[in-house]
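Undergrad: Need coordinates for the below:
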Amino acid sequence: MAETNGNGAANAVPQITTLSQYIKDLSFENPNAPRSLAPQERQPNIAIQVNVNAQQLAESDFEVTLKLEGSAGEAANVMFKFELDYCGIFRLVNIPQEQVHPVVMIECPRLLFPFVRQIVADAVRNGGFPPLFLDPVDFGALYMQRVAEAQKEQGSGATA
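TA: You can find the predicted model right below:
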């Protein structure tokens, strides 16, 4: 899959191939059932945490884990809690080395997110509640935030 430019030289086309997707870990808790299943007077407080991790499996293959933790309610009145580790194995071809990390940490989770969203909605619905449809996640902003935090830690570590 190479294209040629006007000089006859081949230009490699960048590719991200999804080799596999799978649930690595899924937990749903309904600790106060059946009391928590009664109609609520007000909307529960919903908290969601999103993390992305990756590990290189081979020269061009990466396992990317999209980890979500969430809950509805608070303290003794928790309606439900869930944890999901959803993974994908991706093969990156013809991606410049300086772009590999951002692609793995931004584009790969973006490809996984629709599946994660459906799994969470189904788990919450199967737990006896209306489905929880997660808002889209800006993985680019999340990546930039993590890079800034890492740089800040390096800066403070050097002065300590």
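Undergrad: what stretches of this structure score poorly on pLDDT?
TA: Applying pLDDT under 70 to the chain picks out residues 1-10, 157-160.
Undergrad: what ranges do the helices span in it?
TA: 97-102, 108-126, 139-159 (DSSP state H).
Undergrad: and among those, the most buried is which?
TA: Neighbour counts (mean count of other CB atoms under 10 Å) averaged over each of the helices of the chain peak at helix 108-126, with a mean of 17. (Glycine included, C-beta is placed from N, CA and C.)
Undergrad: thinking again about what came up before, go through the helices of the chain and name the closest to Glu83.
TA: Nearest to Glu83 among those is helix 108-126; the distance by CB to CB comes to 10.1 Å.
Undergrad: Pull the residues that contact the closest one.
TA: 16, 18, 21, 23, 26, 28, 52, 54, 62, 64, 66, 68, 70, 80, 82, 84, 86-88, 90, 130-134, 136-137, 139 (CB atoms under 8 Å, 6 or more residues apart in numbering).
Undergrad: Return the alpha-carbon coordinates of it using PDB.
TA: Extracted in PDB, the C-alpha atoms of helix 108-126 (Å, rounded to 0.1, in the frame of the first residue of the first chain):
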ATOM      1  CA  CYS A 108      -6.500   4.000  19.800                       C
ATOM      2  CA  PRO A 109      -8.700   4.800  22.800                       C
ATOM      3  CA  ARG A 110     -10.900   6.900  20.500                       C
ATOM      4  CA  LEU A 111     -11.500   3.700  18.400                       C
ATOM      5  CA  LEU A 112     -12.300   1.700  21.600                       C
ATOM      6  CA  PHE A 113     -14.700   4.200  23.200                       C
ATOM      7  CA  PRO A 114     -17.900   3.400  21.300                       C
ATOM      8  CA  PHE A 115     -17.600  -0.200  22.500                       C
ATOM      9  CA  VAL A 116     -16.900   0.800  26.100                       C
ATOM     10  CA  ARG A 117     -19.900   3.200  26.000                       C
ATOM     11  CA  GLN A 118     -22.200   0.300  24.900                       C
ATOM     12  CA  ILE A 119     -20.800  -2.100  27.500                       C
ATOM     13  CA  VAL A 120     -21.300   0.400  30.300                       C
ATOM     14  CA  ALA A 121     -24.800   1.200  29.100                       C
ATOM     15  CA  ASP A 122     -25.700  -2.500  29.000                       C
ATOM     16  CA  ALA A 123     -24.200  -3.300  32.300                       C
ATOM     17  CA  VAL A 124     -26.100  -0.500  34.100                       C
ATOM     18  CA  ARG A 125     -29.300  -1.500  32.300                       C
ATOM     19  CA  ASN A 126     -28.800  -5.100  33.200                       C
END
